[in-house]
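# Test case, fold it:
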Amino acid sequence: MQEIRTIKLRIKDKHAKAMLAMARDVNMVWNFCNETQYLSLKHYCNRPKIWLSGYDLQKLTSGLVKCDGVEAGSSTIQQTCEEFATRLRQFRLSRLNWRVSSKKSPKYSLGWVPFKKHALTYKNGQLLFNGIFLGLWDSYGLSNYELGAGSFNEDTRGRWHLNVSVKVDVEEKRIPDGTAALGIDLGLKTMASYSNGDKFDMPKWYRLSEQALGIAQRARKKRRVKAIHAKVANQRKDAIHKETSRLVKENAAIFVGKVSAKAMAKMGMGKSVHDAAWTAFRTQLKYKAISQGVVFGEVNEAYSTQTCSCCGSIPPSSPKGRTGLGIRRWTCSDCGAEHDRDTNAARNIARLGLQSLAGGIPAH
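So this is what the prediction gives:
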């Protein structure tokens, strides 16, 4: 059985200049598509509105590759047009954000160079792309794979990475080792509380690095600032990878409460929300669960904290509203059961998830 997966590899730093030149061309094509689409939706002389497809945009940019000073190849220009048209349909907007090439601008867009299948070849330990041989650290053995479409991406430290899709041989979806159904309540005080009573409390990496970050910012050491941000991101990613892998291995069904990270950030809890990394946790948990044959579902967690997981009622003694945020433990006035606030919510999430499966509602 084969699956398409994306692998990420580091490009050697000596190629950064060439990649930036191609990224500037990508930004130029993107902005041209953006402006052209916006103008095509305006009424001129009673002309009807026109939504341009990727093919339409490719025809408009077909001769660009022959112009002097253009470093990007035809595959990259065509794929940029396709990506623009796809995202325009996805977000249903008349105009997307502009891509900024100047690194002096606070709105600088990190480098991005997409390409189509067959535009990239692997020869003698190097990548041949757009007539340039690119050295890289090959930790996957690219010679064993057929390379598909992908992109080159710049990170916040100015390093470039290759993200490319490949076909890999995988085993048939196994029967999960675990037999339990787990409910997960995501929070700020504790990253994740589980219905079995366990908790996953990830260190607040960003908060812990604020002092060093402030010193570097005041000294205007840009490279040091980028290094600190990159280290925080890597620490979060590593902790989440290990925990989500463990959960998928030990359970047969996993249900997570739907929490809007964006809405919480708007309420003035931005640093805490981003430190908790809810979105990354849910995303990794979902794709790992599906790939391993574990049931995954997201359920509406409304009233999960207030509802007693033993008797199912919402007693007067349960924590409610903003005034109840400080209550970590409470006793149900109807049945007398004692609850940890977050564990109780996780148990209700697990119950709701199992009910959705029993009712025939898809888990994912």
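
# Remind me what the helix or strand hosting residue 345 packs against, helices and strands.
Under the criterion of DSSP states H and E, residue 345 resides in helix 341-358. Secondary-structure packing of helix 341-358 (3 or more Cβ pairs under 8 Å, 6 or more residues apart in numbering; DSSP states H and E): strand 180-186, strand 192-194, strand 251-257, strand 295-299. Yep, even glycine has a C-beta here, placed from its N, CA and C like the rest.

# So which bits of that helix are buried?
By 16 or more other Cβ atoms under 10 Å, the buried positions in helix 341-358 come out as 341-354, 356.

# Minimum pLDDT in those residues, which residue is that?
Ranked by pLDDT, these bottom out at residue 356, which scores 85.

# didn't that residue look like it was pressed against residue 298?
No: using Cβ atoms under 8 Å, residue 356 is not in contact with residue 298; the gap is 9.8 Å.

# List the residue ranges of the chain that fall below the pLDDT cut-off.
Low-confidence segments of the chain (pLDDT under 70): 1, 43-45, 171-179, 260-276, 359-364.

# switch the cut-off to 80
Applying pLDDT under 80 to the chain flags the ranges 1-2, 42-49, 169-179, 188, 259-277, 321-325, 358-364.

# all strands of the stretch 1-150 of the chain, in order?
Assigned by DSSP state E, counting those that start in this stretch, the strands in the stretch 1-150 of the chain fall at 2-11, 112-115, 120-123, 126-129, 132-137, 147-154.

# ranges for the strands of the stretch 201-350 of the chain?
Secondary structure of the stretch 201-350 of the chain by DSSP E, counting those that start in this stretch: the strands cover 251-257, 295-299, 329-331, 338-340.

# Please identify the most buried of those strands.
Stretch with highest mean neighbour count among the strands of the stretch 201-350 of the chain: strand 251-257 (a mean of 24; mean count of other Cβ atoms under 10 Å).

# Tell me which strands that one pairs with, and in which orientation.
Applying DSSP bridges, strand 251-257 is found paired with strand 180-186 (parallel), strand 295-299 (parallel).

# Find the residue at the geometric middle of this protein.
What sits nearest the mean C-alpha location of the chain, by Cα atoms, centre = their mean, is residue 280, with 5.9 Å.

# Surely it touches residue 239?
No: Residue 280 lies out of contact with residue 239 (Cβ under 8 Å); the separation is 10.0 Å.

# what's near enough to touch the closest residue to residue 76 other than its chain neighbours?
Leaving out its chain neighbours, the residue that sits closest to residue 76 by Cβ to Cβ, 6 or more residues apart in numbering is residue 115, at 5.4 Å. Applying Cβ atoms under 8 Å, 6 or more residues apart in numbering to residue 115 gives the contacts 73, 75-76, 79, 129, 149-152.
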